[in-house]
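Trainee: need a structure here:
(2 chains)
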2 protein chains.
Amino acid sequence: MINGKTTLIPHLGYPTESFKAPMIYNPWFAQQGIDAVVVPMGVRPDDYADVFRSLFRLTNIRGALVTMPHKVATMELVDELTPAARIAGACNAVLRRDDGRLVGEQFDGAGFVRGIVRKGCRLEGARAMVSGSGGVGSAIAASLAEAGVAELALFDAREGAARALARRLAEHYPALRVTTGTADPHGCDVVVNATPLGMNPGDPLPFDVARIDPGAMVGEVVMKHEYTPFLEAALARGCKVQVGTDMLFEMIPAYLEFFGYGTTTPEALRAVAQIRY
Amino acid sequence: MINGKTTLIPHLGYPTESFKAPMIYNPWFAQQGIDAVVVPMGVRPDDYADVFRSLFRLTNIRGALVTMPHKVATMELVDELTPAARIAGACNAVLRRDDGRLVGEQFDGAGFVRGIVRKGCRLEGARAMVSGSGGVGSAIAASLAEAGVAELALFDAREGAARALARRLAEHYPALRVTTGTADPHGCDVVVNATPLGMNPGDPLPFDVARIDPGAMVGEVVMKHEYTPFLEAALARGCKVQVGTDMLFEMIPAYLEFFGYGTTTPEALRAVAQIRY
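Mentor: Reported below is the predicted structural model:
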């Protein structure tokens, strides 16, 4: 029950109509007795910088969830960026620390990595391949690096995007071996589709599935279908897989920790959420 | 349940800890199936103008509740003021109309007047006396004028404040007879204490109760005790009375109408509110 002591976590984006976060976080806060509330706030791009700065002058704000189209613009508005946010080139979470400084974070990659680790994947020393070097692919690559993979193979149809991501990774993870230029997943322990392929009927598969090792963990960011044709093919090959929406629920415990609200499991969140995927 | 389509009504003030409005409005919205939420937002005075302007650029804001210390500053930030707000010199509600213009309103007086009318008081052609020409006294005087009283006697220990209020009333209600300079309630149909007298033990009574007509309606703005010594004396004299907190619950239907959310009764609001007075 919102009251005068309730802490606010604005959910910033535009348009807001499809926001799901309030229906996941708020029932969790209610169940846990956490006096905080996620509030959707629609902000047009031209207004974003002013609105963002003003909101963080509220006395009862803790942080914000940031979504489209503001993830990149948020980079310029915070005082500090985590390596994941720098490498991804985008923030989807902001924390106002006790000293007033704003920290920008990025949890897409953390959500992905937490999910595959909880499915039994060992990342220390592993070889991973990520197709797609845009925002979400960059975030996943950063989190795989942070989790200790030994080698990251990056592929993007725009080779320049893959190379730029490789350079950003090298700045933060100098010991990591990063390669670009091929989409051949042979020999990889983790294979990730971070492209939009699978959104539309008739899309080509992002990888030649016959070249994926049957022991590999195969993950996906497309959420339009629970099992995309790519994941169906990987399952048929014997791989373990992670569906796109897992990343969403897996990242929420990371957000909760970031905001200082303890942690939980995706299963516990799903049990109280007012939406289903 | 807050979702991506929920309309926001910020409750602006500082500090926020004692805010009651969220616990009155939000259970009502939930019970009525109105997809709106009152969200407390703490704003320091120096930040208020910027925060106010930014918030009204949110795509999902309908209006705002305004409380201390921002009621006067809000006057300068809206596009239009109602007569009640102009006469009171303060706003406690702002509506963003469909054309984007911001309208500042003031409901303290409306709450007071609705309450006494529902208690059977007839105001058309009546003679009323209001002691205290500050914000709340001015608001009550404005609403009594709007309700059609024929004569308003204003008293304030600072005679200049009473005269200034008389001038503001005369601009909007040229047919109203307004007098100042005496606190003698003899002959008045409505007698209102809009001073802080009654807040503290040992305060003098705001009127000589022996001079109040036993048929008069006597009202109070002090909320510290349900029945102040002044109201106890008026009751003993045979008067009908209105307690201070009635004004609060009586004004909420007026706010709901202003925001376009239909109307209701104070009794219906009290039945679902998560607080009690």
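Trainee: And the helices in the stretch 51-200 of chain A, which stretches?
Mentor: Ranges of helices within the stretch 51-200 of chain A are A:83-88, A:108-118, A:135-146, A:159-172, based on DSSP state H, counting those that start in this stretch.
Trainee: Now do the phi/psi pair for the residue in the stretch 101-250 of chain A positioned nearest to chain B.
Mentor: Nearest to chain B, among the residues of the stretch 101-250 of chain A, is A:Leu248, at 14.7 Å (C-beta to the nearest C-beta). Any C-beta I mention is one placed from the backbone N, CA and C, and that applies to glycine too. A:Leu248 has phi and psi values of phi -60, psi -60 when expressed as degrees, to the nearest 10.
Trainee: And it, how far from B:Val243?
Mentor: Per C-beta to C-beta, to the nearest Å, A:Leu248 is found 51 Å from B:Val243.
Trainee: Of these two, give the one with the bigger neighbour count.
Mentor: A:Leu248 (22 against 19; other C-beta atoms under 10 Å in any protein chain shown).
Trainee: pLDDT score assigned to the residue lying closest to the residue of the stretch 101-250 of chain A closest to chain B once chain neighbours are set aside?
Mentor: Nearest residue to A:Leu248, sequence neighbours excluded (C-beta to C-beta, 6 or more residues apart in numbering or on different chains): A:Gly111, at 6.5 Å. A:Gly111 is assigned 95 on the pLDDT scale.
Trainee: ok, the residue sitting furthest away from the middle of chain A - contacts?
Mentor: Going by C-alpha atoms, centre = their mean, the residue of chain A most distant from its centre is A:Gly4, 32.3 Å out. Going by C-beta atoms under 8 Å, 6 or more residues apart in numbering or on different chains, A:Gly4 touches B:15-20, B:22, B:40.
Trainee: Of those residues, which is the most crowded?
Mentor: Neighbour tally across the contacts of A:Gly4 (other C-beta under 10 Å): the maximum, 28 neighbours, falls on B:Pro40.
Trainee: does that residue sit in a helix, a strand or a coil?
Mentor: The three-state assignment at B:Pro40 reads strand, by DSSP: H, G, I helix; E, B strand; the rest coil.
Trainee: is it fair to say A:Pro22 lies in a strand?
Mentor: No - the assignment for A:Pro22, made by three-state DSSP, is helix rather than a strand.
Trainee: Give me the pLDDT value at it.
Mentor: So A:Pro22 comes in at 95 (pLDDT).
Trainee: What is the neighbour count of the nearest residue to A:Ile9 once chain neighbours are set aside?
Mentor: Of all residues not flanking A:Ile9 in the chain, A:Val38 sits nearest, at 4.8 Å (C-beta to C-beta, 6+ apart). If you count neighbours by other C-beta under 10 Å, A:Val38 ends up with 21.
Trainee: got it, and A:Ala150?
Mentor: Using other C-beta under 10 Å, A:Ala150 is surrounded by 15 other residues.
Trainee: I'd like to know how far the residue lying closest to it once chain neighbours are set aside sits from A:Ser143.
Mentor: Taking C-beta to C-beta, 6+ apart, and ignoring the residues beside it in sequence, A:Ala150 has A:Gly125 as its nearest neighbour in space, at 4.7 Å. A:Gly125 sits 16 Å away from A:Ser143, going by C-beta to C-beta.
Trainee: So for those two, which sits in the more crowded spot?
Mentor: A:Ser143 (26 against 10).
Trainee: Could I get the contacting residues of the more buried one?
Mentor: By C-beta under 8 Å, 6+ apart, the neighbours of A:Ser143 are A:84, A:109-110, A:112-113.
Trainee: With A:Pro45 instead?
Mentor: By C-beta under 8 Å, 6+ apart, A:Pro45 lies in contact with A:14, A:69-70, A:73.
Trainee: Can you narrow the contacts of A:Ser143 down to the ones near chain B?
Mentor: Among those, no residue is within reach of chain B (C-beta under 8 Å from any C-beta of the partner chain).
Trainee: Give the burial count for A:Ala126, as a bare number.
Mentor: As a burial measure, A:Ala126 scores 19 neighbours (other C-beta under 10 Å).
Trainee: and the closest residue to it other than its chain neighbours, how many neighbours does it have?
Mentor: Excluding the flanking residues, the one nearest A:Ala126 by C-beta to C-beta, 6+ apart is A:Asp189, at 4.1 Å. Applying other C-beta under 10 Å, we find 20 other residues in the vicinity of A:Asp189.
Trainee: can you check A:Pro10 too?
Mentor: A total of 27 residues lie near A:Pro10 under the criterion other C-beta under 10 Å.
Trainee: From the contact counts, what lies against the strand or helix carrying it?
Mentor: A:Pro10 belongs to strand A:7-13 when assigned by DSSP states H and E. Judged by 3 or more C-beta pairs under 8 Å, 6 or more residues apart in numbering or on different chains; DSSP states H and E, strand A:7-13 is in contact with helix A:21-32, strand A:36-42, helix A:48-55, strand A:63-66, strand B:36-42.
Trainee: Identify whichever of those lies nearest to A:Ala162.
Mentor: Closest to A:Ala162 of those is strand A:63-66 (C-beta to C-beta; 25.2 Å).
Trainee: Now tell me what touches the closest one from outside.
Mentor: Residues contacting strand A:63-66 (C-beta under 8 Å, 6+ apart): A:9-13, A:21, A:38, A:52, A:55-56, A:74, A:91-96, A:255, A:258-259.
Trainee: what's the answer for stretch A:256-266, then?
Mentor: Residues contacting stretch A:256-266 (C-beta under 8 Å, 6+ apart): A:9, A:28-29, A:32, A:34, A:36, A:62-63, A:93, A:95, A:105, A:107, A:115, A:246, A:249-250, A:252-253.
Trainee: Then stretch A:148-158?
Mentor: With C-beta under 8 Å, 6+ apart as the test, stretch A:148-158 has contacts from A:123-134, A:137, A:141, A:144-145, A:162, A:165-166, A:169, A:176-183, A:185, A:188, A:190, A:195.
Trainee: Mind listing what's buried along that stretch?
Mentor: A:149, A:151-156 (16 or more other C-beta atoms under 10 Å in any protein chain shown).
Trainee: I'd like those residues as a markdown table, with distance to B:Arg211 appended.
Mentor: Listed next are those as a markdown table, based on distance: C-beta to C-beta, whole Å:
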| residue | distance to B:Arg211 |
| --- | --- |
| A:Val149 | 88 |
| A:Glu151 | 93 |
| A:Leu152 | 89 |
| A:Ala153 | 93 |
| A:Leu154 | 89 |
| A:Phe155 | 91 |
| A:Asp156 | 88 |
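Trainee: Restricted to strands, list those residues.
Mentor: Using DSSP state E, the members of the buried residues of stretch A:148-158 that fall in strands are A:151-155.
Trainee: mind checking pLDDT for A:Lys224?
Mentor: We have a pLDDT of 82 for A:Lys224.
Trainee: Need the three-state assignment for it.
Mentor: Per three-state DSSP, A:Lys224 ends up coil.
Trainee: what about the nearest residue to it once chain neighbours are set aside, neighbour count?
Mentor: When the adjacent residues along the chain are set aside, A:Lys224 lies closest to A:Met199, with 5.4 Å between them (C-beta to C-beta, 6+ apart). By the measure other C-beta under 10 Å, the count of residues near A:Met199 is 12.
Trainee: Kindly report the same for A:Leu197.
Mentor: 20.
Trainee: hang on, it packs against A:Val221?
Mentor: No - counting by C-beta atoms under 8 Å, A:Leu197 stays clear of A:Val221, with 10.1 Å between them.
Trainee: who touches both of the two?
Mentor: By the contact definition C-beta under 8 Å, 6+ apart, A:Leu197 and A:Val221 are jointly contacted by no residue.
Trainee: Let me see the contact set for A:Phe29.
Mentor: Here A:Phe29 is in contact with A:35-38, A:261 (criterion: C-beta under 8 Å, 6+ apart).
Trainee: filter those to the buried ones?
Mentor: A:36-38, A:261.
Trainee: Columns pLDDT and distance to A:Pro214 on top of the residues you listed, output as CSV?
Mentor: As requested, the buried ones among the contacts of A:Phe29 are arranged in CSV below (pLDDT from 0 to 100; distance: C-beta to C-beta, whole Å):
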residue, pLDDT, distance to A:Pro214
A:Ala36, 98, 45
A:Val37, 98, 46
A:Val38, 98, 41
A:Tyr261, 96, 40
